[in-house]
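Novice: Just a sequence and a predicted model for now, questions to come.
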Amino acid sequence: MQDRNGSNTLSLSLEIDLLRSFTVIAEVRALSRAASRIGRTQSALSQQMKRLEEIVDLPLFQRTGRGVVLTHPGERLLIHAQRILRVHDEAMADLSGKGLSGTIRFGCPDDYAAVFLPQLLRQFASQHPHALVEVVCAPTPRLLEQLERRALDLAMISLQGDATHDAIIRREPLVWVGYPGLDPAQFDPLPLALSDPDTLDHVAACEALQHAGRPYRIAYASSSLAGLTALVRSGQAFAVLTQTAVPQDLQILNDEASLPALPSIGIALRFERERPPHLITVFAQHIKLMLPLM
């Protein structure tokens, strides 16, 4: 768009409502799903995006057989839009003196909770002191079951790291963990302390050892991170954890020749419903903005 002097300008043109709709489309990559989440018709949403493209004078989306993808200008705008919306929402919460209110039922695996939750919850509470976050810690399969039963509003879950999933907001390598000075080559079979049998870390460890022809036994299987790390500290077993969750007093053993390589996993958010309440959406956006920086 040009001003009277013929030069391009975005001054006072990036409307909050347009940017909010834009970020939802960028997240779900389909106008129909975005329209359902926002509560507008697909036609109204298309008109909004046409207006936004006119404002920036650049194409923001490219249609494909599976929906829409962001163009390079669209990717650039998304970065700015997320920052603008975050500052806008923080300003509104600050000026109102109380922010958003309500209760969020949030699920998170133990290892993510220990590392990420303190800062995430502290910063969210500073912006929305009247919003309550109830936290349930459990492995991803159990969290998905609770989402299905509608016992949670939102959950942070693990996905296979090689998945090209739009929802992945951070990737974490899985690592072998042992007590310092303990040599896994001295154990035959290799004793393992793992999470539930249907979790990604458990499956990855067993598949990697089977592929390498390395004998092993399950010494301890539990969803309790405290239980897993206690057994490792005792020197009775080795564990597989996300790298970020390894306690400082334990040792990462990925360079050990007797242990096979492990994959990475993706961290994603899953909603209980397709159109979550505004408070849940704001909390999810807060996590998406903060988690990659931690």
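Specialist: Yep, that arrived.

Novice: Rounded mean pLDDT for stretch 66-82, please.
Specialist: Regarding stretch 66-82, the rounded mean pLDDT is 90.

Novice: Same question for that stretch: list its buried residues.
Specialist: Gly67, Val68, Leu70, Gly74, Leu77, Leu78, Ala81, Gln82 (16 or more other C-beta atoms under 10 Å). (Each C-beta comes from the backbone N, C-alpha and C, glycine too.)

Novice: Let me know the closest of the residues you listed to Asp201.
Specialist: Gln82 (30.5 Å; C-beta to C-beta).

Novice: ok, and what's touching the helix or strand harbouring that closest one?
Specialist: According to DSSP states H and E, Gln82 maps onto helix 72-96. Outside helix 72-96, the residues that touch it by C-beta atoms under 8 Å, 6 or more residues apart in numbering are 14, 16, 19-20, 22-23, 26, 56, 58-61, 70, 99-100, 127-128, 282, 285-286, 288-289.

Novice: what's the spacing between the lowest-mean-pLDDT helix or strand in the chain and its chain's center?
Specialist: Here the helix or strand of the chain ranked lowest by mean pLDDT, DSSP states H and E is helix 31-38, holding a mean of 80. From the chain centre to the centre of helix 31-38 is a distance of 21 Å (C-alpha atoms, centre = their mean, to the nearest Å).

Novice: picking up where we left off before, now the contacts of helix 72-96: which count as buried?
Specialist: 14, 19-20, 22-23, 26, 56, 60-61, 70, 99-100, 127-128, 282, 285-286, 288.

Novice: now, which of these lie within helices?
Specialist: With DSSP state H as the criterion, helices contain Leu19, Arg20, Phe22, Thr23, Ala26, Val56, Gln127, Val282, Gln285, His286, Lys288 from among the buried ones among the contacts of helix 72-96.

Novice: can you list the weak-confidence ranges in the stretch 51-200 of the chain?
Specialist: The stretch 51-200 of the chain contains residues with pLDDT under 70 at 90, 93-94, 96-98, 162-166.

Novice: can you map out the strands along it?
Specialist: Shown for the stretch 51-200 of the chain, the strands assigned by DSSP state E, counting those that start in this stretch span residues 61-64, 67-70, 101-108, 130-137, 154-160, 168-178, 190-194.

Novice: Now render these as CSV, adding distance to Gln243.
Specialist: Output for the strands of the stretch 51-200 of the chain, formatted as CSV (distance: least, C-beta to C-beta, whole Å):
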stretch, distance to Gln243
strand 61-64, 34
strand 67-70, 30
strand 101-108, 17
strand 130-137, 19
strand 154-160, 13
strand 168-178, 5
strand 190-194, 16
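
Novice: Quick check: which of the ones you listed is nearest to Leu225?
Specialist: With C-beta to C-beta as the yardstick, what comes closest out of the strands of the stretch 51-200 of the chain is strand 130-137 (8.3 Å).

Novice: Pretty sure Leu159 sits against Ile168.
Specialist: Yes. Assessed by C-beta atoms under 8 Å, Leu159 is found in contact with Ile168 at 6.2 Å.

Novice: which neighbours do the two share?
Specialist: Common neighbours of Leu159 and Ile168 (C-beta under 8 Å, 6+ apart) are Gly266, Ile267, Ala268.

Novice: show me the contacts for Gln42.
Specialist: Leu31, Ser32, Ala35.

Novice: Can you give me the distance of it to Asp201?
Specialist: Counting by C-beta to C-beta, to the nearest Å, the gap from Gln42 to Asp201 is 41 Å.

Novice: Same check on Gly161?
Specialist: In terms of C-beta to C-beta, Gly161 sits 11 Å off from Asp201.

Novice: repeat for Ala35
Specialist: From Ala35 to Asp201 the distance is 38 Å (C-beta to C-beta).

Novice: For the two, indicate the residue with more neighbours.
Specialist: Looking at Ala35 and Asp201 with other C-beta atoms under 10 Å, you find the greater number of neighbours at Asp201, namely 25 against 21.
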